[in-house]
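*Asks:* Build the 3D model from these lines:
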Amino acid sequence: CTKGAVGSVPFCKAHGGGKRCQHEGCCRSAEGSTKFCISHGGGRRCQLEGCTKSAVVSTPFCYAHGGGRRCNHEGCTKSRQNGTPFCVAHGGGKRCEHAGCPNASRSGTAFCISHGGGKRCQVEGCGKGAVGKLPFCKAHGGGKRCQHEGCNKSAEGKTIYCVGHGGGKPCERDGCTKAARSGTPFCIAHGGGKRCQAEGCGKGAVGKL
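*Replies:* A predicted model of the protein is given here:
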């Protein structure tokens, strides 16, 4: 290590030098003039009312509230990732190491969600990626749930309802109120989603085949 030693011990912050976090069991470096590391409330905090996250770089806000450097892609206000000039959606951060995959690697792993990276669902036999703060995939209760009374299905996109109760992106065909499917702009009835591969058939594909 060639970093400068900090404090009265002959080590840099990363190797035990300087003040340490006073939270029981934590050995990280205390931030600024506080007694704790960033994870335990030390350092500068986001100035948005009600937010307790850490302020980033030289800004008074956390990443979620506009702090730090922003993505260079025109019109994008998301945060840059891992020293790159772009957010994850626009190619920033570390990329999946699976051959030919352009997606971002997740949660400190070398791969994207599709190729086994990130947190995985903890239900026995399930290998899907965990969604949200819970250790489960959407099918097993992870992520946001539909807010319709009595429904426990997964909420779609940025909405608070499942597809059956009006959540997700709506079909772009004029007058249609159904949900668009599988990343397409239309519902199944109007040509969206996966289609049947049998020659001459234009119907929607059903199931995993």
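
*Asks:* so what's Leu134 up against?
*Replies:* 141-143 (Cβ atoms under 8 Å, 6 or more residues apart in numbering). For glycine as for every other residue, the C-beta is placed from the backbone atoms N, C-alpha and C.

*Asks:* Neighbour-wise, which one of those leads?
*Replies:* When neighbours are taken as other Cβ atoms under 10 Å, the top entry among the contacts of Leu134 is Gly142 (22 neighbours).

*Asks:* so that residue makes contact with Cys121?
*Replies:* Yes - between Gly142 and Cys121 there is a contact at 6.8 Å, judged by Cβ atoms under 8 Å.

*Asks:* list the residues that contact both of the two?
*Replies:* What both Gly142 and Cys121 touch, as defined by Cβ under 8 Å, 6+ apart, is the set 130, 135-136.

*Asks:* Could you pull up the contacting residues of Cys12?
*Replies:* 1, 3-6, 18.

*Asks:* Actually, Cys121.
*Replies:* With Cβ under 8 Å, 6+ apart, Cys121 has these contacts: 127-130, 135-137, 140, 142.

*Asks:* Neighbours of the closest residue to it other than its chain neighbours, how many?
*Replies:* Excluding its sequence neighbours, the residue lying closest to Cys121 (Cβ to Cβ, 6 or more residues apart in numbering) is Cys137, at 3.9 Å. Using other Cβ under 10 Å, Cys137 is surrounded by 23 other residues.

*Asks:* doesn't Gly129 make contact with Cys137?
*Replies:* Yes - in terms of Cβ under 8 Å, Cys137 counts as a neighbour of Gly129; the distance is 6.2 Å.

*Asks:* Look up how far Glu49 lies from Gly41.
*Replies:* Per Cβ to Cβ, to the nearest Å, Gly41 is found 17 Å from Glu49.

*Asks:* Which one's more surrounded, these two?
*Replies:* Applying other Cβ under 10 Å to Gly41 and Glu49 shows that Gly41 carries more neighbours, namely 15 against 5.

*Asks:* what's the more buried one sitting at in phi/psi?
*Replies:* phi 100, psi 0 (degrees, to the nearest 10).

*Asks:* do the one 4 residues further on as well
*Replies:* In terms of degrees, to the nearest 10, the main-chain angles of Arg45 are phi -110, psi 160.

*Asks:* Now do the end-to-end distance for stretch 128-138.
*Replies:* 9 Å (Cα to Cα, to the nearest Å).

*Asks:* typo on my end, it should be stretch 125-133
*Replies:* 20 Å.

*Asks:* And the average pLDDT for that stretch is what?
*Replies:* Stretch 125-133 carries an average pLDDT of 90.

*Asks:* roughly how far out does it sit from the chain middle?
*Replies:* Mean C-alpha position of stretch 125-133 versus that of the full chain (Cα atoms, centre = their mean, to the nearest Å) differs by 13 Å.

*Asks:* Identify each buried residue in that stretch, please.
*Replies:* 128-131 (16 or more other Cβ atoms under 10 Å).

*Asks:* nearest to Cys62, of the residues you listed?
*Replies:* The closest of those to Cys62 turns out to be Val131 (Cβ to Cβ; 22.0 Å).

*Asks:* Good, we can wrap up now.
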